[in-house]
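Engineer: show me the folded form of this:
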Amino acid sequence: MSHAVTLAVIVRAGERFLMVEEWQQGRIMFNQPAGHLEPGEDLLAGARRELLEETGLALPIEQAVGIYQYQAPDSGKHFVRFTFCVEVAEPLATHPQDPDGDIIRCHWLTLAEIEALGSQLRSPLILASFRDYLAGARFPLDALKSVRGKG
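Structural biologist: Numbering: from 1, shown residues only. Take a look at the predicted model:
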């Protein structure tokens, strides 16, 4: 079984949330700005990088929402996903800079519009993290520790 650490950022502007429309496995899917942690990268730097690559936005990460474990039923791949959040006053213009070329465009959608996407949502972690976020789940960024070097 393979494993991956992924990072996602909930970006909220009033009643709208930033979602990324992307090509995945030959299908159009929707996700929060998200991606894989790169070797040698810390969690916050990775979240900021993914947000910038997928939306063109360089925003300060404010808080963490949750840490999720998920095993994909089709591949058996195991994911640990760290979800962060940031709020902005109004929807911002986006300019994806995705080096992989998977991002089609970004959308500011209401939760109802996101829920209506159904099977076009990339994973069940999307709605789970939105529900936790809206319920007030948060923990401070300083709870995340990055330790390097020899023991």
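
Engineer: show me which positions of the longest helix seen in the chain end up buried.
Structural biologist: Taking DSSP state H as the criterion, the chain has its longest helix at helix 43-55. Neighbour counts over helix 43-55 (16 or more other CB atoms under 10 Å) mark 43-44, 46-55 as buried. (C-beta placed from N, C-alpha, C; glycine too.)

Engineer: also stretch 130-137?
Structural biologist: Within stretch 130-137, the residues scored as buried using 16+ other CB under 10 Å are 130, 132-133.

Engineer: which residues are contacting it?
Structural biologist: 10, 12, 17, 65-66, 83, 85, 111, 114 (CB atoms under 8 Å, 6 or more residues apart in numbering).

Engineer: just the buried subset of the residues you listed, written out for ChimeraX, thanks.
Structural biologist: The buried residues among these can be selected in ChimeraX (16+ other CB under 10 Å) with this line:
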select :10,12,17,65,66,83,85,111,114
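
Engineer: ok, back up a step: tabulate the buried residues of helix 43-55 in TSV, adding columns for distance to residue 28 and pLDDT.
Structural biologist: Putting those into TSV (distance: CB to CB, whole Å; pLDDT from 0 to 100) gives the following:
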residue	distance to residue 28	pLDDT
43	28	96
44	29	96
46	25	97
47	24	98
48	26	97
49	23	96
50	19	96
51	21	97
52	22	97
53	19	95
54	15	96
55	17	97
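
Engineer: which element is residue 9 on?
Structural biologist: strand 3-13 (DSSP states H and E).

Engineer: check which element follows that strand along the chain.
Structural biologist: Sequence-wise, the next helix or strand downstream of strand 3-13 (DSSP H and E) is strand 16-24.

Engineer: got the angle for whatever helix or strand comes next after that next one vs strand 16-24?
Structural biologist: Counting by DSSP H and E, the next helix or strand C-terminal to strand 16-24 is strand 27-31. Inter-element angle recorded for strand 27-31 and strand 16-24: 150 degrees (by axes from the mean of the first three to the mean of the last three CA atoms, to 10 degrees).

Engineer: make 33 the starting number, not 1.
Structural biologist: In the new count, where the first residue is 33, that last one comes out as strand 59-63.
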